[in-house]
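Next input, structure requested:
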Amino acid sequence: RRTPPTMASTAAARALSGYRRLFRARKILFQGDDRAMRESRVEIRKQFDLNRGATDPGHIEGLLTMVDEAEDMLLHGIVRGELNEQSGNYEVKIKAEHAEDGGAASTNRLEPITAETADRLDGKEPEVVVTTCKGQGASSGKG
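Okay, the predicted model is just below:
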C-alpha cells in the first residue's frame, strides 16, 4: 500500500521540476553563449541552495511561484542580440512570444542585460530600428 504524498514531498517534487525547467529555459535562451550559460547555471544553483532549508509553507509557495515567473521570463521576456561588426548595430530576432500581442513584432522596450553592454552605451538610449528579414521580424539597436 502506498502512502499519500506529504506537503513537503510535493513541494520538493515541484522544486526539482522547477529547477529542471529553469535549466532547460536557460539552455534555450543562452544557446551558444558560454559565459551566460555558466553564469546562469551558477546563479540558479545558488538561489536554490539559499532556500534549501525553507520550511514555511507560504514562503515555499512564494518561491515556487518565483520559479514559474523566472521560467516565463527566460522563455518569453528576454531576447538575445548580437553585435553586427559591420553596421555597429545589435541584431535581435524577435519571436512571436516576445511581442506584447503574441503576434507580430511590436515596439517593446529593449534594454541591455549586462553591465558590459550598458557601459558601451555611455548613458545614451539605444537606437532601435525594426527591420524584416526573410519573413521574420528582426530588430537592431545601435550601441
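
Run through the residues that contact the nearest residue to Asp33 once chain neighbours are set aside.
Sequence neighbours aside, Arg80 is the residue nearest to Asp33 in space, at 7.0 Å (criterion: CB to CB, 6 or more residues apart in numbering). Heads up, the C-betas are built off the backbone N, CA and C, glycines and all. Taking CB atoms under 8 Å, 6 or more residues apart in numbering as the definition of contact, the neighbours of Arg80 are 29-30, 33, 92.

Low-confidence regions, the chain specifically.
Along the chain, the model assigns pLDDT under 70 to residues 1-8, 95-143.

List the buried residues for the longest helix along it?
With secondary structure taken from DSSP state H, the chain has its longest helix at helix 7-29. Of the residues in helix 7-29, those scored as buried under the neighbour-count criterion (16 or more other CB atoms under 10 Å) are 11, 14-15, 18, 21-22, 25-26, 29.

Contacts for it, please.
When contacts are defined by CB under 8 Å, 6+ apart, helix 7-29 is touched by residues 5, 36-37, 40-41, 44, 48, 57, 60-61, 63-64, 67-68, 70-71, 74-75, 78, 80.

try 10 Å
Outside helix 7-29, the residues that touch it by CB atoms under 10 Å, 6 or more residues apart in numbering are 3-6, 33, 36-37, 39-41, 43-45, 47-48, 51-52, 54-55, 57, 60-61, 63-68, 70-80.

ok, Val42 to Phe23 distance?
Distance of Val42 to Phe23, computed by CB to CB, to the nearest Å: 12 Å.

Gly88 now?
In this structure, Gly88 and Phe23 are separated by 34 Å, where distance is defined by CB to CB.

Quick one: the contacts of Arg80 as a markdown table, columns for distance to Asn84 too.
Putting those into a markdown table (distance: CB to CB, whole Å) gives the following:
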| residue | distance to Asn84 |
| --- | --- |
| Leu29 | 20 |
| Phe30 | 19 |
| Asp33 | 16 |
| Val92 | 11 |
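
Among the residues you listed, filter down to the buried ones and hand me the PyMOL syntax, if you would.
Isolation of the buried members of the contacts of Arg80 (16+ other CB under 10 Å) is achieved in PyMOL through the command below:
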select buried, resi 29+30+92
